[in-house]
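Novice: structure, please.
(one chain, ligands or ions: 4)
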Amino acid sequence: MILTHCPACAAPLHSTNAKQCSRCKTRYCGLACQKQHWEGGGHDKLCKLIKKSGGAEQFHADTKYTAAVAVAAKECAEDTKGQTCYICTQALHWKTKEGLVRMCACRGTAGFAHVSCLAEQAKILVAEAEENNLDWKVQNDRFQRWHTCGLCEQMYHGVVECALSWACWKTYVGRPEDDWAYNVAISVLGNGLASARHHKESLSVREAELSMLLRTNGSQHNILVVQGNLAIAYEALGQHEEVLRMRRKIYSGWLKLYGEEHFDTLREANNLASSLLDLQRFEEAKSLLRRTLPVARRVGTSDELTLKMNWIYARVLYRDADATLDDLREAVSKHEELERTARRVLGGAHPDAVGIEKSLRDARAALRAREAEAVRVADRAAAGALQRDLYALRRRFELACEAGTVQVAERDALQRDLDAIQRRLEAREAPFSGVVSSICEAVGALAPGDA
Ligand SMILES: [Zn+2]
Ligand SMILES: [Zn+2]
Ligand SMILES: [Zn+2]
Ligand SMILES: [Zn+2]
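Specialist: Numbering: from 1, shown residues only. Ligands and ions are numbered 1, 2, ... in the order given. I've put the predicted structure just below:
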């Protein structure tokens, strides 16, 4: 069940023993809310209809489905103008009068359809597989039609994926919680909502899915998958601390379940590192990746995953405010290497390849800024040394003047040191001209005593 909040006050409901309307099964946090919802919330008028639809969950799914289809058809109206459904061959659906949609990889005149027709097809294909007891893989393949186009075999996206996911949910919501199709449908719904950027709703469906899995003793594998989806929902909502908390937990879950070399564990290490990068926990990200990158290399996991992990490592190197000049140089050379690999493995237009290119520019800019800073620091040090040497030399001239006369050897030494200092001065602007002219005066004063 995904109606996990009281319809009157929005308080979260206990998963199994909430108070419910005896006729339509709408659940409440307590008697007061139930009474209030009946008298002032309009439930007295809806109760019969909800009961007739098959109960609160079914009614909710049906209502959300109808609204989602309208949104999808409206958003696709421009694209589908003058087209017909490839399933029923009509422009308007004969029964629902809904418009056409298309949000997959189909091009030209291919792939226009009614959400109702797509849903009907998926429903029949799955039912047929179930009736004929076709094996698990076939059932699973057919279930794909709830989110993947049968023509171009690409996933639907956005509002179309969302509408189809409500169709899927309303088809299986009446089944028991431990039914396989019910379980896949709730996850399809969570994905569909996320795809249409209904992140809050998606989060609440994922939460319902997780508590259902815990209730029905779901496998640890499935629980970790759902927790991963929950973390994605938190991320979409900008709750980064919550994401990090979950990622740590999920990573240790995979580690315990499958060990450090399993793909799921390594992928989660990458997710955790990414979350640490977002929150600028650079040291922790570095130490995690130093542990897991060698494992990824050793087991030869997917090129794409290794690339992602290396990319996080390279970003950590230059984003850390405490990064040394050597760290920045390493970050740039790593990025250059990653850029070449990304082009080869993913192609230049892949979002990761584009992202790596951008962060290469950022890393280079950070290195340039740091190098310029290093030059400024060295320059300041050189200027300080020059000033000290100048004052010391002036003091020597003054002492020679006070003495009145000077030995030839001493005068030559002074002259040599003065020439050397003047060569150093030529290399820079003249903030020391005052000191220099005072030395020149001293030299002038020195001349008569010399013989
Ligand atoms: Zn309530
Ligand atoms: Zn009722
Ligand atoms: Zn149709
Ligand atoms: Zn398609």
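
Novice: tell me the secondary structure for Gly174?
Specialist: Assigned with DSSP: H, G, I helix; E, B strand; the rest coil, Gly174 falls in the coil class.

Novice: oops, could you answer that again for Cys24 instead?
Specialist: coil.

Novice: just the helices in the stretch 101-250 of the chain please.
Specialist: 115-131, 136-143, 158-172, 180-195, 199-215, 220-236, 240-258 (DSSP state H, counting those that start in this stretch).

Novice: how much space separates the closest residue to ligand 1 within the stretch 301-450 of the chain from ligand 3?
Specialist: Among all residues of the stretch 301-450 of the chain, Pro351 sits closest to ligand 1, at 43.6 Å; criterion: Cβ to the ion. Glycine gets a C-beta too; all of them are placed from N, C-alpha and C. Distance, Pro351 to ligand 3, using Cβ to the ion, to the nearest Å: 34 Å.

Novice: so where's this protein shaky on pLDDT?
Specialist: 15-16, 428-436, 438, 440-451 (pLDDT under 70).

Novice: longest helix in it, please.
Specialist: helix 351-403 (DSSP state H).

Novice: now the phi/psi pair for Gln83, please.
Specialist: phi -100, psi 170 (degrees, to the nearest 10).

Novice: count the residues that sit near it.
Specialist: 17 (other Cβ atoms under 10 Å).

Novice: who are the contact partners of the nearest residue to His5 once chain neighbours are set aside?
Specialist: Leaving aside its chain neighbours, His5 sits nearest to Pro12 (5.7 Å; criterion: Cβ to Cβ, 6 or more residues apart in numbering). Contact analysis of Pro12 by Cβ atoms under 8 Å, 6 or more residues apart in numbering lists 4-6.

Novice: which part of the stretch 151-300 of the chain gets nearest to ligand 1, residue-wise?
Specialist: Ser204 (15.9 Å).

Novice: deepest of the helices of the stretch 101-250 of the chain, which one?
Specialist: helix 158-172 (a mean of 26; mean count of other Cβ atoms under 10 Å).

Novice: so is that helix next to ligand 4?
Specialist: No. Counting by Cβ under 5 Å from the ion, ligand 4 has no neighbours in helix 158-172; the shortest distance is 10.1 Å.

Novice: any idea how far apart the tips of stretch 87-106 sit?
Specialist: 15 Å (Cα to Cα, to the nearest Å).

Novice: from now on call the first residue 56
Specialist: Sure thing, new numbering starts at 56, so read that last one as stretch 142-161.

Novice: in it, what counts as buried?
Specialist: Buried residues in stretch 142-161, counted by 16 or more other Cβ atoms under 10 Å: 142-143, 148, 153-159, 161.

Novice: wait, Ala418 sits on Val387?
Specialist: Yes. Counting by Cβ atoms under 8 Å, Ala418 touches Val387, with 4.9 Å between them.

Novice: and these two? Which one has more around it.
Specialist: Between Ala418 and Val387, Ala418 has the larger neighbour count (other Cβ under 10 Å), namely 26 against 21.

Novice: relative to His276, how far out is that one?
Specialist: 38 Å (Cβ to Cβ, to the nearest Å).

Novice: related to what we said a few turns ago, how far off helix 406-458 does the following helix or strand past the longest helix of the chain point, in degrees?
Specialist: As assigned by DSSP states H and E, the chain's next helix or strand after helix 406-458 is helix 463-481. Helix 463-481 runs at 150 degrees relative to helix 406-458, counting by axes from the mean of the first three to the mean of the last three Cα atoms, to 10 degrees.

Novice: check the offset of helix 463-481 from the chain's centre.
Specialist: Offset of helix 463-481 from its chain centre (Cα atoms, centre = their mean, to the nearest Å): 64 Å.

Novice: which strands and helices sit next to that helix?
Specialist: Contacts defined by 3 or more Cβ pairs under 8 Å, 6 or more residues apart in numbering; DSSP states H and E place helix 463-481 against helix 406-458, helix 488-501.

Novice: now do the contacts for Val228.
Specialist: Counting by Cβ under 8 Å, 6+ apart, Val228 touches 112-113, 116, 237, 240.

Novice: make it 7 Å
Specialist: Val228 sits next to 112-113, 116 when contact means Cβ atoms under 7 Å, 6 or more residues apart in numbering.

Novice: so Ala249 makes contact with Ser259?
Specialist: No. With contact defined as Cβ atoms under 7 Å, Ala249 does not reach Ser259; the gap is 11.7 Å.

Novice: which elements pack onto the longest helix of the chain?
Specialist: Contact partners of helix 406-458 among helices and strands, from 3 or more Cβ pairs under 7 Å, 6 or more residues apart in numbering; DSSP states H and E: helix 358-374, helix 380-400, helix 463-481, helix 488-501.

Novice: can you list the residues of the stretch 56-205 of the chain near ligand 3?
Specialist: 140, 142-143, 169, 172.

Novice: swap the cut-off to 6 Å and go again
Specialist: Residues of the stretch 56-205 of the chain lying close to ligand 3 (Cβ under 6 Å from the ion) are 140, 142-143, 145, 148, 168-169, 172.

Novice: Serialize the residues you listed to JSON lines and add fields for distance to Lys106.
Specialist: Shown next, in JSON lines, are these (distance: Cβ to Cβ, whole Å):
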{"residue": "Cys140", "distance to Lys106": "33"}
{"residue": "Ile142", "distance to Lys106": "33"}
{"residue": "Cys143", "distance to Lys106": "32"}
{"residue": "Gln145", "distance to Lys106": "33"}
{"residue": "His148", "distance to Lys106": "27"}
{"residue": "Ala168", "distance to Lys106": "33"}
{"residue": "His169", "distance to Lys106": "29"}
{"residue": "Cys172", "distance to Lys106": "29"}
